[in-house]
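Trainee: What follows is a predicted protein model with its sequence.
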Amino acid sequence: MAKNYPGYVLIRDALISDTGSRRGVKGDILIKEGIIKEIGANLAAPEGANIVDASGLLVHAGLINAHTHGHGGLARGQGDKWTLELLLAAGPWITGGRSLQDKKLTTQIGAAEMVLKGCTAAYDLYYEFPAPSIEGMDAVAEAYAEIGMRAVLAPMVADHSFYEAIPGLRDALPDDLRQKVDTLRLGPGDRTIAAIGSILDRWTWSSQDIRPAVAPTIPIHCSDSFMCGCSRLARDHGVAMHSHVGESKVQAVVGMERYGKSLISHLDGLGLIDENFTAAHAVWLDDDDFRLMADRGASLAHNAGSNMRLGNGHFRLRRALDLGVNVGIGTDGANCSDNQNMYEAMRYASMVSKVQGPDPRGWAAVEEIYHAATVGSAQALGLSNAGLLAPGYKADIVFVDLGAINWIPHNWTVNQLVHVEDATSVRHVMIGGTFVVRDRRLLTMDMAKLAREAEAARLRRSERRCP
Ligand SMILES: [Zn+2]
């Protein structure tokens, strides 16, 4: 992460987003060593403070992406009419055969987009085929560190391939195809667990707020002993766990057939669900599942764009909030929802809540959506002092240009952040008191070089696929 200012930063005359009022409130923000120290009107500037003139700008807490996949960056726009299961079947094609340089590059693409679009931290479930590696995860961490974003990085793992996870699928394939998919078998579970253990043991990025986690990808792709092995590792190292639970109907049906109960009940029976556990998507969870998640203090990551893109259905946000579950908002990877725009993720979350029935009492309000994309996501990431503009919180701040068309006219601040803003008004982004984006330019990345490298990778990979 870029170095913090040694001393004070004073943001002057900003309109500060406040969910309690229709419009933001005018004020100053004083930051000391990357942490917000004071918010108020006409604050005195300490000697030597960097003064930032924010007149004409709205400031809000950096958005936090509760669920994405850095490995998806190079794959955006590749598929159209594919379900989750078709996407998973294409997984080795999308993600396999990557050099270390590709692994970093794909993460840089996603991280650059997130920061430029007002997102300051992400929970990244990163997939390396056939198994996670120390060098691979270091390359991913380095990408976030160089851009200056906070991240939780979870090697995404399983001990069964997609073809083994769906009952009857492998056996239904013709002989030649069955032989081909058998070459896509994953490494033995104990070897994968040992690889994650080494990654956790040798992690060197935490001081830059890039922390590790563990992500057994989808329960039906993991044996119980493998899931428990992941959980033991996570607990031994004091890190979080994240899994895709009930994302598609196929998962819910196979889970019921295999375990005789819901996926969440099954995972809870294994002792996996606690306040460090996040279930992504949760489209096919019932009320009892939500209650259980709330009782355990666990989180849900809501990825409305991906749920629609892959035809998985609609997450019941109102019901989850009413039953007391913490909900964060995510974009999901660019391989399944293309862009990494947290404003769009908020807008979709709001729309998807409202499309589920005509009674507004069943809908989520814009304040709840914004809260989920900031405070709710922060909780899922285990970032205790992020997601709010308040004293003691990290100075992760997005500056939005009120002269941009999205704010003409400016009626209701939070409503317009959720329903109108599309990231085109983002002028500056500050992380830990340091500008990472200034005047719409990403200061920590050479975009022309990124574009050249991405194009070279694309050509290299398309040649590999079409000999
Ligand atoms: Zn995902």
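Mentor: Cool, the structure landed.
Trainee: First-to-last residue distance for stretch 335-349?
Mentor: Terminal residues of stretch 335-349 are spaced 19 Å apart (C-alpha to C-alpha, to the nearest Å).
Trainee: Now do the buried residues in it.
Mentor: 335-349 (16 or more other C-beta atoms under 10 Å). (Glycine included, C-beta is placed from N, CA and C.)
Trainee: which ones among those are found in strands?
Mentor: Counting by DSSP state E, the buried residues of stretch 335-349 place none of their members in strands.
Trainee: and which of these is nearest residue 82?
Mentor: residue 336 (8.6 Å; C-beta to C-beta).
Trainee: Check what pLDDT the closest one gets.
Mentor: Note on residue 336: pLDDT of 89.
Trainee: what's the nearest residue to it if we skip its chain neighbours?
Mentor: residue 306 (4.8 Å; C-beta to C-beta, 6 or more residues apart in numbering).
Trainee: Packing partners of the strand or helix carrying that neighbour?
Mentor: Counting by DSSP states H and E, the element that carries residue 306 is helix 304-309. The contact analysis (3 or more C-beta pairs under 8 Å, 6 or more residues apart in numbering; DSSP states H and E) places helix 304-309 against helix 334-337, helix 342-354.
Trainee: For the next helix or strand after it, enumerate the helices and strands it packs against.
Mentor: Downstream of helix 304-309, the next assigned helix or strand under DSSP H and E is helix 317-322. If you count contacts as 3+ C-beta pairs under 8 Å, 6+ apart, helix 317-322 packs onto helix 287-296, strand 299-302, strand 326-329, helix 342-354.
Trainee: Buried ones in helix 317-322, by neighbour count?
Mentor: Buried-residue list, helix 317-322, by 16+ other C-beta under 10 Å: 317, 318, 319, 320, 321.
Trainee: quick one: it to chain centroid distance?
Mentor: When distances are taken as C-alpha atoms, centre = their mean, to the nearest Å, helix 317-322 is centred 20 Å away from the chain's centroid.
Trainee: swap in stretch 415-430?
Mentor: 18 Å.
Trainee: Check stretch 429-446 too.
Mentor: For stretch 429-446, the distance to the chain centre is 20 Å (C-alpha atoms, centre = their mean).
Trainee: just stretch 331-341 next, same as before
Mentor: Here stretch 331-341 shows a centroid-to-chain-centroid distance of 9 Å under the convention C-alpha atoms, centre = their mean.
Trainee: still on that earlier bit, out of the helices and strands packed on helix 304-309, which gets nearest to residue 117?
Mentor: helix 342-354 (6.4 Å).
Trainee: Now do the closest one: everything it contacts.
Mentor: Contact partners of helix 342-354, identified using C-beta atoms under 8 Å, 6 or more residues apart in numbering, comprise 63-65, 114, 117-119, 302-305, 307-308, 314-315, 317-318, 329-331, 360, 362-364, 366, 369-370, 372-373, 417-419, 421-423.
Trainee: Now the buried members of those residues.
Mentor: Looks like these have 63-65, 114, 117-119, 302-305, 307-308, 315, 317-318, 329-331, 363-364, 366, 369-370, 372-373, 417-419, 421, 423 buried, using 16+ other C-beta under 10 Å.
Trainee: about what we covered before: report the rounded mean pLDDT for the helix holding residue 306.
Mentor: 97.
Trainee: Put the alpha carbons of that helix into CSV.
Mentor: Taking C-alpha atoms only, helix 304-309 is exported to CSV below (Å, rounded to 0.1, in the frame of the first residue of the first chain):
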residue,chain,number,x,y,z
ALA,A,304,-27.0,-9.4,-7.4
GLY,A,305,-25.4,-8.8,-10.8
SER,A,306,-23.8,-12.3,-11.0
ASN,A,307,-27.0,-13.9,-9.7
MET,A,308,-28.9,-12.4,-12.6
ARG,A,309,-26.1,-12.9,-15.2
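Trainee: mind listing what's buried in stretch 72-83?
Mentor: Across stretch 72-83, burial judged by 16+ other C-beta under 10 Å covers 72, 73, 74, 75, 76, 78, 79, 82, 83.
Trainee: what sits up against it?
Mentor: Contacts of stretch 72-83 (C-beta under 8 Å, 6+ apart): 86-87, 90, 94-95, 102, 105-110, 248, 310-312, 332-336, 338-339, 454, 457-458, 461.
Trainee: Quick one: neighbours of the closest residue to residue 371 other than its chain neighbours, just the number.
Mentor: Distances taken as C-beta to C-beta, 6+ apart place residue 19 nearest to residue 371, at 6.7 Å, with adjacent residues excluded. If you count neighbours by other C-beta atoms under 10 Å, residue 19 ends up with 18.
Trainee: Tell me the backbone dihedrals of residue 19, please.
Mentor: Dihedral angles of residue 19 (phi, psi; degrees, to the nearest 10) stand at phi -70, psi -20.
Trainee: List the residues that contact it.
Mentor: Residue 19 touches 367, 370, 371, 414, counting by C-beta under 8 Å, 6+ apart.
Trainee: what does residue 430 give?
Mentor: 395, 396, 397, 398, 399, 436.
Trainee: which of those lies closest to residue 240?
Mentor: residue 396 (19.2 Å).
Trainee: check which helix or strand covers residue 141.
Mentor: Using DSSP H and E, residue 141 falls in helix 134-147.
Trainee: Can you tell me which helices and strands the next helix or strand after that helix packs against?
Mentor: Elements were assigned by DSSP H and E; along the chain past helix 134-147, the next helix or strand is strand 150-157. Counting contacts by 3+ C-beta pairs under 8 Å, 6+ apart, strand 150-157 packs against strand 119-126, helix 134-147, helix 189-201, strand 210-216, strand 240-245.
Trainee: closest to residue 226 out of those?
Mentor: Among those, helix 189-201 sits nearest to residue 226 (C-beta to C-beta), with 4.2 Å.
Trainee: follow-up on the earlier one: tabulate the buried residues of helix 317-322 in JSON lines, adding columns for pLDDT and distance to residue 164.
Mentor: Shown next, in JSON lines, are these (pLDDT from 0 to 100; distance: C-beta to C-beta, whole Å):
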{"residue": "317", "pLDDT": "98", "distance to residue 164": "33"}
{"residue": "318", "pLDDT": "98", "distance to residue 164": "37"}
{"residue": "319", "pLDDT": "98", "distance to residue 164": "33"}
{"residue": "320", "pLDDT": "98", "distance to residue 164": "31"}
{"residue": "321", "pLDDT": "98", "distance to residue 164": "36"}
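Trainee: I'd like the residues you listed as CSV, with distance to residue 280 appended.
Mentor: Formatted as CSV, these follow (distance: C-beta to C-beta, whole Å):
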residue, distance to residue 280
317, 14
318, 19
319, 17
320, 13
321, 17
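Trainee: on that earlier part again, between the helices and strands packed on helix 317-322, which one is nearest to residue 136?
Mentor: It is, among the helices and strands packed on helix 317-322 and with distance given as C-beta to C-beta, strand 299-302, at 22.7 Å.
Trainee: Run me through the strand neighbours of the closest one, direction for each.
Mentor: strand 277-281 (parallel), strand 326-329 (parallel) (DSSP bridges).
Trainee: okay, those in a markdown table with distance to residue 268 next?
Mentor: Output for the strands paired with strand 299-302, formatted as a markdown table (distance: least, C-beta to C-beta, whole Å):
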| stretch | distance to residue 268 |
| --- | --- |
| strand 277-281 | 9 |
| strand 326-329 | 16 |
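Trainee: Please consider this matter closed, and thank you.
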